[in-house]
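[1] sequence and predicted structure are below.
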Amino acid sequence: MKNLFKGAVVVAVLFLSTGLVSAQQKIGHINSNEIIQEMAEFKAAQTEFETLQKAKEGELQQMGAAYQQKITAAQELQRNRSEANKDSVDSQLQGITVELGELERRINEVQQIAQEELQKKNEELFAPIVQKANTAIQSVAKEKGYAYVFDIANPGISYFAGGDDLTADVKTKLGITATP
C-alpha cells in the first residue's frame with residue numbers, strides 16, 4: 001500500500017510539473033497574408049507582376065484577333081463560293097486552314113511560354129518577400145519568448161482560441177505603419 005501511495009505521489013508530481021512547464025510556454029498567432037500584403041516590397045512586386053501579366057495577355061489577345069480575322073476571311077470566302085470560282089476558293093480555304101493551324105499552334109506555344117514566365121517571375125518576386133516576413137516572425141517570436149506561433153492564414157489551422165496576436169509587432173519590425 002505504501003508503494004502504491006508513493007507511486008501515485010510520483011505520478012502526481014510529474015503530472016503537475018509537466019503542466020507547469022507547458023503553462024509557461026507562450027503561444028501566439030499571426031496572419032502572414034495580412035503582413036505580406038502590407039509590405040512595401042509586396043506592393044511593388046505585385047505592380048511589376050501585374051504589368052508583365054497584362055503585357056502577356058495583350059500579346060495573346062493580338063494573336064487571338066489575328067486568328068479571328070482569318071476565320072472571318074474564311075467564312076466570307078465560303079459565303080462567296082460558287083460553281084464558277086469553286087477551285088480558286090477551295091484552294092484559298094485550304095491555305096487559310098493551314099495558316100489557322102499554324103497560328104493556333106503558335107498561340108498555344110506563346111500561352112505556355114507566358115505561363116512559365118509568369119510563374120518564374122512570381123517566384124522571383126515574391127519568395128524573398130515571404131522569406132523576409134518569416135525571418136521577422138521568427139525574430140519577434142524569439143524576442144517575446146514564444147514557444148509556438150501559429151499562422152491563422154494557413155489553411156491547416158482552422159481554429160484558434162485566443163493567444164497573443166503578433167501581427168502588429170511583426171509589422172512594426174518590418175517598418176510597416178498602420179493604415180486607417
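    Looks like it arrived, so ask away.

[2] show me which helix runs longest in the protein.
    Using DSSP state H to define each element, the chain has its longest helix at helix 86-143.

[3] same question for it, mean pLDDT?
    Averaged across helix 86-143, pLDDT comes to 93.

[4] tell me how far that helix lies from the chain's centre.
    In this view, helix 86-143 has its centroid 15 Å away from the chain centroid, taken as CA atoms, centre = their mean, to the nearest Å.

[5] what about the residue nearest the centre of the chain, distance to Glu48?
    For the chain, the residue nearest the mean C-alpha position is Asn122 (8.1 Å; CA atoms, centre = their mean). According to CB to CB, to the nearest Å, Asn122 stands 10 Å off from Glu48. The way it works is simple: take the backbone N, C-alpha and C, and place the C-beta from them, glycine included.

[6] again, but for Gln37
    Shown here: Gln37 relative to Glu48, a distance of 15 Å by CB to CB.

[7] could you do Ile176 as well?
    Between Ile176 and Glu48 the computed distance is 19 Å (CB to CB).

[8] over to Asp164?
    When Asp164 is compared with Glu48 (using CB to CB), they lie 35 Å apart.

[9] Val149: which element?
    Following DSSP states H and E, the helix or strand that holds Val149 is strand 146-151.

[10] got the CA positions of that strand in CSV?
    In CSV, the C-alpha atoms belonging to strand 146-151 read as follows (Å, rounded to 0.1, in the frame of the first residue of the first chain):
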residue,chain,number,x,y,z
TYR,A,146,7.1,32.5,-27.7
ALA,A,147,7.4,28.7,-28.0
TYR,A,148,4.7,28.5,-30.7
VAL,A,149,3.3,30.9,-33.2
PHE,A,150,0.5,29.8,-35.4
ASP,A,151,-0.3,31.4,-38.7
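
[11] next SSE downstream of it?
    Secondary structure here is assigned by DSSP H and E; on that basis, the next helix or strand after strand 146-151 toward the C-terminus is strand 164-165.

[12] may I have whichever helix or strand comes after that next one as CSV, with CA atoms only?
    On the C-terminal side of strand 164-165, the nearest following helix or strand under DSSP H and E is helix 167-173. Taking Å, rounded to 0.1, in the frame of the first residue of the first chain, the C-alpha atoms of helix 167-173 are listed here in CSV:
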residue,chain,number,x,y,z
THR,A,167,0.8,40.6,-36.4
ALA,A,168,1.2,44.2,-35.3
ASP,A,169,4.6,43.5,-33.7
VAL,A,170,5.8,41.9,-36.9
LYS,A,171,4.6,44.8,-39.0
THR,A,172,6.4,47.2,-36.6
LYS,A,173,9.6,45.1,-37.0
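
[13] now what about helix 167-173, what contacts it?
    Helix 167-173 is touched from outside by 30-31, 34-35, 38, 133, 136-137, 139-140, 144, 178, with contacts defined as CB atoms under 8 Å, 6 or more residues apart in numbering.
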